[in-house]
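# no sequence for this one, just the structure:
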């Protein structure tokens, strides 16, 4: 029986139909991809999440030689809750030259093209191999992909030379992005009547000290002369941020609890922010405990995304510029799984169809023009791998 060959759009239609929101399982999608690859004689490998409800997937096509290319994409998407969609987010819908659906841009469009390329590669005269790496939980911290990279390295497969992360870049060659570190902060205060405030510890007031420290770091970073690695970014320095905060019981009681997430988006080369945030919290905590020893500041790691540092003239950049014809300088302030690959010795770029402005939006879409450009890219990649 001849296996069915789907074009990239038909594959995208299948992928969008799986509601792989990060809080939910991605196993039905992984099952389908694994089955489709298997029907064409391509063996793939899973790495299960600790909870067993999710899995990474990787596969290899071509000669058992080092020096190939990894196509890396994530399978999870952000929720559609509360968004005003004008079409079913889980059904691929074409209108006005655009393909609508959750994940079409970020980043199932690239995933579909990468899966198409794996099937096409099976019958191509490859002289260097092509590998596929599909991850989960990129949208909630990009930490789980570390297990995928380690699994790929530790497998019997030959090590690839270059990684192309297919986040939406309008098919431009993005060579660098900021990293990110986040802590869930829980300030444990001591309640007293507000008329006796000096004898209690307000969790909100102490949280404000840590947030003020973050503001001071932002001011200092903005005043500093950007490093060579930071100069291409906008802004060209690391930024700390608190987006939400909750705490307190009543207006006349010192707050017992205050919780927020403290994060930083760090330019390549600007390291040590995790230690800096922990040290600042410990300094504030000591002063709190001088008043009430039972108070504390609890810092729990929320996410950690390594930056992607530009590797000028590296294999991934050279290859991707050759395939796209793009010789511009492009860096972005959002994070990707690229840093996880780079810290483990891979040469990495970000290049994929679609505009990041459409990511996470209601009526998310990838244009037909961009999707076609992605198809052309994959065809050129297969030709390049066949040329040696």
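Cool, got the structure. Just so it is clear, the model here is predicted, and its values are computed rather than measured. Numbering: from 1, shown residues only.
# Which parts of the stretch 1-150 of the chain are helices?
8-16, 27-39, 109-122, 145-154 (DSSP state H, counting those that start in this stretch).
# Does residue 175 lie in a helix or a strand, and which?
If you go by DSSP states H and E, residue 175 is part of strand 174-177.
# elements contacting that strand?
strand 330-332, strand 347-350 (3 or more CB pairs under 8 Å, 6 or more residues apart in numbering; DSSP states H and E). Every residue, glycine included, has its C-beta placed from N, CA and C.
# what's next to that strand, contact-wise?
Strand 174-177 is contacted by residues 167, 229, 232-233, 268, 307-312, 317, 329-336, 338-339, 349-351 when judged by CB atoms under 8 Å, 6 or more residues apart in numbering.
# Which of the helices and strands packed on strand 174-177 has the highest mean neighbour count?
strand 347-350 (a mean of 27; mean count of other CB atoms under 10 Å).
# What is the subsequent helix or strand relative to the strand holding residue 175?
Past strand 174-177, the next helix or strand by DSSP H and E is strand 179-188.
# now that next one: mean pLDDT?
For strand 179-188, mean pLDDT is 96.
# Strand partners (parallel or antiparallel) of that strand?
Strand pairing for strand 179-188, using DSSP bridges, gives strand 257-266 (antiparallel), strand 296-305 (antiparallel).
# Could you look up the next helix or strand downstream of that strand?
Toward the C-terminus from strand 179-188 - assigned by DSSP H and E - lies helix 203-223.
# which helices and strands does that following helix pack with?
By 3+ CB pairs under 8 Å, 6+ apart, helix 203-223 packs against strand 179-188, strand 239-247, strand 257-266, helix 273-291.
# give me the low-pLDDT residue ranges for the stretch 51-200 of the chain?
141-142 (pLDDT under 70).
# Repeat the analysis, applying 90 as the threshold.
137-146 (pLDDT under 90).
# Hmm, residue 384 and residue 322 touching each other?
Yes - with contacts counted by CB atoms under 8 Å, residue 322 reaches residue 384, the gap being 7.1 Å.
# one step back: now the helices and strands packed on helix 203-223 in CSV, with mean neighbour count and distance to residue 87?
Formatted as CSV, those follow (neighbours: other CB atoms under 10 Å; distance: least, CB to CB, whole Å):
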stretch, mean neighbour count, distance to residue 87
strand 179-188, 22, 32
strand 239-247, 14, 29
strand 257-266, 21, 33
helix 273-291, 15, 41
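# Export the ones you listed to CSV and append columns for distance to residue 153.
Shown next, in CSV, are those (distance: least, CB to CB, whole Å):
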stretch, distance to residue 153
strand 179-188, 20
strand 239-247, 32
strand 257-266, 25
helix 273-291, 24
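# Of all these, which one is nearest residue 95?
strand 239-247 (33.2 Å; CB to CB).
# Cool, thanks, signing off.
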